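J.: Pasting the sequence and the predicted coordinates here, then a few questions.
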Amino acid sequence: DAKTTQPTSMDCAEGRAANLPCNHSTISGNEYVYWYRQIHSQGPQYIIHGLKNNETNEMASLIITEDRKSSTLILPHATLRDTAVYYCIVRSLETSGSRLTFGEGTQLTVNP
Amino acid sequence: NAGVTQTPKFQVLKTGQSMTLQCAQDMNHEYMSWYRQDPGMGLRLIHYSVGAGITDQGEVPNGYNVSRSTTEDFPLRLLSAAPSQTSVYFCASSTRDTQYFGPGTRLTVL
């Protein structure tokens, strides 16, 4: 699975959009981009994933560049409860569904 | 559905003791896995299973054993606890796409 690079930390004002970047320049054609988050002391929580098209669900939007070498997770209206560590993970669906490789993620702090 | 449950929530062991961390899921997922998370770090994969009777090693398997006799349960055994195993342990079950994590077990080895 390809390596990812994320900023260590970011801040966002409550009610504003939070845009979390991720670089994955060595991504392969069959690898998906996944985002999970971990609120303090809890187990990680799945947010969204995509291959090459932009994706949106009730939690967030995922924007993947045309060359697929980077992506951005967007939380459209951040709340204090969105304060968490956000992990960007690249994974092939050929890799066992029980294996994820976590980096150190981005600590997002939403400020009132 | 309860999702993924883990017991106990907290545990303190002395060096050399053995114990089993329990993990159960009620989503009928084939895939299950165990991770550990040390302070300030991301999760690291210990062992995983792609179905009942099938297990394999992850990134940091030494000092841990697993078995998968049923789809629902995936216990993690510490054979002889060491202070380096002080960590938070997360169990997950998954579809092919998405992992669902339990609340974690906080283990301290003195």
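T.: That came through fine. It should be emphasised that the depicted structure is a prediction, and the values quoted were computed from it without experimental measurement.
J.: Run a quick neighbour tally on residue 52.
T.: All of this refers to chain A. 14 (other CB atoms under 10 Å in any protein chain shown). For glycine as for every other residue, the C-beta is placed from the backbone atoms N, C-alpha and C.
J.: nope, chain B
T.: B:A52 - counted by other CB under 10 Å - has 16 other residues nearby.
J.: Now do the same contact list for it.
T.: Taking CB atoms under 8 Å, 6 or more residues apart in numbering or on different chains, we find B:A52 in contact with B:R68, B:S69, B:T70, B:T71.
J.: Check what pLDDT the residue of chain B found nearest chain A gets.
T.: Nearest to chain A, among the residues of chain B, is B:F101, at 3.1 Å (CB to the nearest CB). Per-residue pLDDT puts B:F101 at 96.
J.: Spell out the secondary structure type for the residue lying closest to it once chain neighbours are set aside.
T.: Excluding the flanking residues, the one nearest B:F101 by CB to CB, 6 or more residues apart in numbering or on different chains is A:G43, at 3.1 Å. Following DSSP: H, G, I helix; E, B strand; the rest coil, A:G43 is assigned to coil.
J.: Do a quick rundown of the strands in the chain.
T.: No chain specified, so I'll use chain A. Using DSSP state E, the strands assigned to chain A run over residues A:9-13, A:18-23, A:31-38, A:45-50, A:55-56, A:61-64, A:70-75, A:84-92, A:106-111.
J.: think we crossed wires, I meant chain B
T.: For chain B, applying DSSP E gives strands covering B:4-7, B:10-13, B:19-25, B:31-37, B:43-51, B:54-57, B:64-66, B:76-78, B:87-94, B:99-101, B:105-109.
J.: wait, which of those is closest to A:N57?
T.: Among the strands of chain B, the nearest to A:N57 by CB to CB is strand B:99-101 (15.5 Å).
J.: what's that closest one in contact with?
T.: Residues from elsewhere that reach strand B:99-101 (CB under 8 Å, 6+ apart): A:36, A:43-46, A:97-98, A:100, B:3-4, B:25, B:27, B:29, B:31, B:33, B:90-94.
J.: Give me the buried entries from those.
T.: A:36, A:43-44, A:46, A:97-98, A:100, B:4, B:25, B:29, B:31, B:33, B:90-94 (16 or more other CB atoms under 10 Å in any protein chain shown).
J.: Any idea which residue is closest to the centre of chain A?
T.: Nearest to the geometric centre of chain A sits A:W35, at 3.3 Å (CA atoms, centre = their mean).
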